[in-house]
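Asker: Sequence first, then the predicted structure, then my questions.
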Amino acid sequence: MNYKTSYWLMRILGIGGILVMLIGGLTNQVVVGGIGIACVLAGTLQMNFFYHCPHCKRDLPKRTLPKTCPYCKTPLD
């Protein structure tokens, strides 16, 4: 998996997981809340494994999708 896919997967799983947790909390369904927690954890774990520079292998900043690596200054394409 490349860094762009990892970035967007983390965003989708994070926001979706939070929404599912809210729905589970509002409807008092523990299983639905647990599914939301699992989504957020899965998104975070995959980002820790796959969101890195393809050249120098260092972790990229988590808040943005950079155009160049902040460490090796190589364009990310």
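Answerer: All right, it came through fine.
Asker: which residue ranges form the helices in this protein?
Answerer: 3-26, 30-50 (DSSP state H).
Asker: Could you check how far the closest residue to Leu41 other than its chain neighbours is from Ala42?
Answerer: Closest residue to Leu41 apart from its sequence neighbours, by C-beta to C-beta, 6 or more residues apart in numbering: Gly17 at 8.0 Å. For glycine as for every other residue, the C-beta is placed from the backbone atoms N, C-alpha and C. Using C-beta to C-beta, to the nearest Å, we find Gly17 at a distance of 8 Å from Ala42.
Asker: More neighbours: those two, which one.
Answerer: Looking at Gly17 and Ala42 with other C-beta atoms under 10 Å, you find the greater number of neighbours at Gly17, namely 21 against 15.
Asker: I'd say that one and Gly43 touch.
Answerer: Yes: counting by C-beta atoms under 8 Å, Gly43 is a contact partner of Gly17 at 6.7 Å.
Asker: low-confidence ranges in the chain?
Answerer: Low-confidence segments of the chain (pLDDT under 70): none present.
Asker: before we move on, the earlier item: got a markdown table for the helices of the chain, with distance to Leu76 too?
Answerer: Supplementary listing: the helices of the chain in a markdown table, determined by distance: least, C-beta to C-beta, whole Å:
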| stretch | distance to Leu76 |
| --- | --- |
| helix 3-26 | 7 |
| helix 30-50 | 14 |
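Asker: quick one, which of those is nearest to Cys56?
Answerer: Ranking the helices of the chain by proximity to Cys56 (C-beta to C-beta) places helix 3-26 first, at 12.0 Å.
Asker: For that closest one, list every residue counted as buried.
Answerer: 3, 6-7, 9-10, 13-14, 17, 20-21, 24 (16 or more other C-beta atoms under 10 Å).
Asker: which one of the residues you listed sits closest to His52?
Answerer: Among these, and counting by C-beta to C-beta, the member closest to His52 is Tyr3, at 6.5 Å.
Asker: quick one: contacts for the residue most central in space within the chain?
Answerer: Centroid-nearest residue in the chain: Met10, 2.0 Å away (criterion: C-alpha atoms, centre = their mean). Listed by C-beta atoms under 8 Å, 6 or more residues apart in numbering, the contact set of Met10 reads 43-44, 46-47, 51.
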